[in-house]
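Novice: quick check, what structure comes out for this input:
(one chain, ligands or ions: 1)
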Amino acid sequence: MSENFWQDLKKILQKKLNKQHYSTWIEPIKFDEIEGNTINISVSNKFIKDWIEKNYKDLILIEAKKISRDIDGINIKTDKTIKKTFKKDKEEVKKEENNNFKNTNLNINPEYTFSKFISGSSNQFAAAAAMAVANNPATIYNPLFIYGGVGLGKTHLINAIGNEIIKNNKKIKVSYYSSEKFTNELINSIRYGKMDEFRNKFRSIDVLLIDDVQFIAGKERTQEEFFHTFNSLYESHKQIVVTSDKFPKEIPGLEERLRSRFEWGLIADIQPPDIETKQAILEAKAEQNNIILPQEVALFLSNSVISNIRELEGYLVRIGAYSSLTSTPISIEMAKNILKDIIIESNKELTIEDIQKKVSNHFNIKISEIKSSKRVKNLVIPRQIAMYLCRQLTSCSYPEIGDHFGGKDHSTVIHAIKKIEKNIENDSYLRSTIKTIKNTLLPS
Ligand SMILES: Nc1ncnc2c1ncn2[C@@H]1O[C@H](COP(=O)(O)OP(=O)(O)OP(=O)(O)O)[C@@H](O)[C@H]1O
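Specialist: Numbers count the residues shown, from 1 in each chain. Here you go, the predicted structure:
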């Protein structure tokens with residue numbers, strides 16, 4: 001009776017709740033059992049557990065009692081292994097699009113909504129936190145700091161917060177700024193003596209969304225001004241949301257006072273997507289772009305390529321264009337052919353060249369640069385990572401690795417690998433970068 005009980009209960013809850021809330025909070029719940037008179041359920045992390053306890057537990061209990069009068073409690077556990085990918089309903093996407101109004105002053109991209117954001121275990125925490133903030137601006141998590149690797153959906157999520165807030169209340173003044181745009185406006189205001197205007201403008205915003213905040217690090221005047229803007233908004237109980245490619249502590253050149261403020265609220269990370277999530281995203285993007293993508297091709301792409309979703313989308317568009325230009329339906333063969341330089345067959349043993357290719361591709365540098373002896377930072381770290389992965393993923397010796405990196409001595413290779421091994425422990429960004437590259441080298 002238990003599983004049916006849960007299904008019935010979910011149906012009732014689905015009717016009671018708005019679709020988005022249902023699919024974000026109730027749908028991913030894992031039903032465990034009914035033990036005595038208690039319903040045991042699990043969710044993927046403590047944040048979701050707390051949220052459900054605070055907002056939905058009473059409702060679930062009331063409705064459960066209507067099905068079975070004996071029920072008198074709900075016990076929520078956390079279980080990290082829960083993976084749940086849920087897709088949003090087409091109708092809901094349409095409705096949301098219609099509701100969105102385009103106000104270019106706000107700089108918000110109307111395309112990036114929650115309905116178009118696919119949640120999976122890698123980003124569920126950040127998506128749930130974003131939704132919580134969007135539904136309760138400036139009341140629960142302030143600031144919200146979202147961080148994650150390149151192309152994993154930070155810009156999409158921060159815009160979705162803006163779109164959702166506007167949808168709920170058109171009077172709230174929401175502004176989205178890339179750090180670059182913030183800096184440029186500041187520079188212009190200084191140049192043309194318009195600092196008062198600049199300050200007034202930022203301080204009159206209700207919700208300030210700042211994307212890629214790592215770019216203001218190292219810029220003294222921008223950080224100073226942002227610090228004052230932050231304080232003024234925070235003190236007037238206005239919502240601030242910030243994204244970055246790194247955890248606050250790991251942003252080089254970020255002033256201590258800003259770092260500590262970023263840590264006042266909630267910090268949520270986005271990890272590289274798992275295969276299920278990648279597949280769901282690809283299928284959704286294919287639908288949005290009118291590309292007929294057979295399921296096996298979506299699976300093939302999710303298994304073999306890249307974690308960077310922007311890159312993944314790029315390949316999808318390439319395949320779609322090829323298919324349309326040649327009037328041939330998309331097939332695995334076609335995908336393999338188009339992506340032959342990127343995909344490494346999963347049954348083939350990895351070589352040092354494969355690793356060099358992937359690492360160079362990830363960091364957007366040339367293979368010749370990774371093999372060179374140039375000591376600039378943007379080459380040294382990729383080179384060290386590549387050497388580390390060669391040692392981990394191939395059976396090559398230190399001298400062999402050194403040979404493939406422009407004839408370097410084995411002691412240089414050992415030094416590079418030790419450096420990564422040491423840093424990986426404290427640097428979550430490095431860890432996540434290496435994981436992303438490894439995922440593309442070792443498709444599961
Ligand atoms: N979970 C998701 N569901 C649907 N689309 C996604 C998801 N995550 C990312 N995308 C898409 O991937 C592309 C890249 O995402 P986005 O620009 O938000 O990444 P980012 O993390 O801000 O990258 P960067 O570090 O370069 O600023 C966008 O088109 C976005 O819509």
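Novice: when you work out contacts or count neighbours from here on, use the C-alpha atoms and nothing else.
Specialist: OK.
Novice: any idea how far Ile62 is from the ligand?
Specialist: 33 Å (Cα to the nearest ligand atom, to the nearest Å).
Novice: surely Ile52 and Pro28 touch.
Specialist: No: if you go by Cα atoms under 8 Å, Ile52 and Pro28 don't touch, sitting 11.3 Å apart.
Novice: tell me the SS of the residue of the stretch 301-444 of the chain found nearest the ligand?
Specialist: Going by Cα to the nearest ligand atom, the ligand is nearest to Arg310 of the stretch 301-444 of the chain, at 4.0 Å. At Arg310 the chain is in helix, as set by DSSP: H, G, I helix; E, B strand; the rest coil.
Novice: need the contact list for it.
Specialist: Taking Cα atoms under 8 Å, 6 or more residues apart in numbering, we find Arg310 in contact with Gly151, Leu152.
Novice: how about 10 Å then?
Specialist: Applying Cα atoms under 10 Å, 6 or more residues apart in numbering, we find Arg310 in contact with Val150, Gly151, Leu152, Gly153, Leu316.
Novice: same question, Thr139
Specialist: Thr139 neighbours (Cα under 10 Å, 6+ apart): Ala132, Val133, His237, Lys238, Gln239.
Novice: phi and psi next, for it.
Specialist: phi -120, psi -30 (degrees, to the nearest 10).
Novice: distance of it from Pro248?
Specialist: Distance of Thr139 to Pro248, given as Cα to Cα, to the nearest Å: 22 Å.
Novice: same check, this time on Asp32
Specialist: Going from Asp32 to Pro248 by Cα to Cα gives 37 Å.
Novice: what about the stretch 101-250 of the chain, any weak spots by pLDDT?
Specialist: Applying pLDDT under 70 to the stretch 101-250 of the chain flags residues 101-105.
Novice: let's see 80
Specialist: Along the stretch 101-250 of the chain, segments meeting pLDDT under 80 span 101-106.
Novice: can you give me the strands in it?
Specialist: For the stretch 101-250 of the chain, applying DSSP state E, counting those that start in this stretch gives strands covering 144-148, 174-178, 207-211, 239-244.
Novice: nearest to Ser189, out of those strands?
Specialist: Nearest to Ser189, of all the strands of the stretch 101-250 of the chain, is strand 174-178, at 15.6 Å by Cα to Cα.
Novice: give the buried residues for that closest one.
Specialist: The neighbour-count check on strand 174-178 (16 or more other Cα atoms under 10 Å) flags Val174, Ser175, Tyr176, Tyr177, Ser178 as buried.
Novice: re earlier: more neighbours, Asp32 and Pro248?
Specialist: Pro248 (24 against 16; other Cα atoms under 10 Å).
Novice: for the more buried one, give me its contacts.
Specialist: Neighbouring residues of Pro248 by Cα under 10 Å, 6+ apart: 145-147, 213-214, 254-256, 258-263, 267.
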